[in-house]
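Visitor: Let's see this in three dimensions:
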Amino acid sequence: MLHSRTRPEEYLFLRKAIGYMHNYPGLIHHPAEELIFTCLRQSVPDCAALCMQLTEQHNEFNILETTLFGYIDHAQRGEMACRELLKKLTNTYCMDQFEHIILEEDEILPKAVAWLTPDDWRNIGCQSNLQLDPLGDPDILKHYDSLYDYITAIDINLQSH
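Guide: Sure, this is the predicted structure:
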């Protein structure tokens with residue numbers, strides 16, 4: 001993707017993928033995690049540094065997603081330098097997201113399960129916006145139909161990227 005002859009639908013795919021990450025994790029999932037981090041910092045002080053690191057990453061993802069939208073616009077207009085930078089930033093973004101998820105799943109979530117009480121979880125659930133989950137609303141999912149169609153239709157050799 002994002003080769004010298006990038007098709008318009010590839011930019012649409014990229015915009016929708018970044019848009020999904022910006023709108024779902026960025027606006028719904030991360031705020032719920034922040035509630036978990038707050039409880040952990042209060043209950044398990046040695047988790048504070050890692051919780052702060054994850055919070056900073058959430059903020060960095062938000063900034064990078066906004067930056068990526070701008071580079072997509074410039075690259076679509078044929079600006080080769082922006083296309084190369086977009087490719088580099090997108091790869092970095094994907095790797096950073098992967099490492100972030102591993103940190104959460106391997107380090108923080110096991111601590112949360114071990115240390116947080118049922119009352120903590122109940123409070124987190126009440127305060128979070130999980131009822132806004134777009135995966136539970138079929139009308140919101142329609143917005144991502146072309147993203148799904150594109151992903152299932154492309155034939156990419158993942159080893160070459």
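Visitor: what's the closest non-adjacent residue to Phe37?
Guide: In this structure, Phe37 finds its nearest non-sequential neighbour in Cys51, 3.9 Å apart by Cβ to Cβ, 6 or more residues apart in numbering. C-betas here are computed from N, CA, C, even on glycine.
Visitor: Quick one: residues contacting the one you found.
Guide: When contacts are counted by Cβ atoms under 8 Å, 6 or more residues apart in numbering, Cys51 touches Phe37, Thr38, Leu40, Arg41, Ile108.
Visitor: Quick one: the helices in the protein, in order.
Guide: 8-23, 30-43, 48-76, 80-103, 109-115, 118-127, 138-141, 145-153 (DSSP state H).
Visitor: Could you check the angle the longest one makes with helix 30-43?
Guide: Note on geometry: by axes from the mean of the first three to the mean of the last three Cα atoms, to 10 degrees, helix 48-76 and helix 30-43 are set 160 degrees apart in direction.
Visitor: Which positions within helix 48-76 qualify as buried?
Guide: Going by neighbour count (16 or more other Cβ atoms under 10 Å), the buried part of helix 48-76 is 50-51, 54-55, 57-58, 61-62, 64-65, 68, 71-72, 75-76.
Visitor: any idea which of those residues is the one closest to Leu116?
Guide: Using Cβ to Cβ, Cys51 comes nearest to Leu116 of these, at 12.5 Å.
Visitor: What pLDDT does the model give the closest one?
Guide: pLDDT recorded at Cys51 is 96.
Visitor: cool, Thr92 as well?
Guide: On pLDDT, Thr92 comes in at 95.
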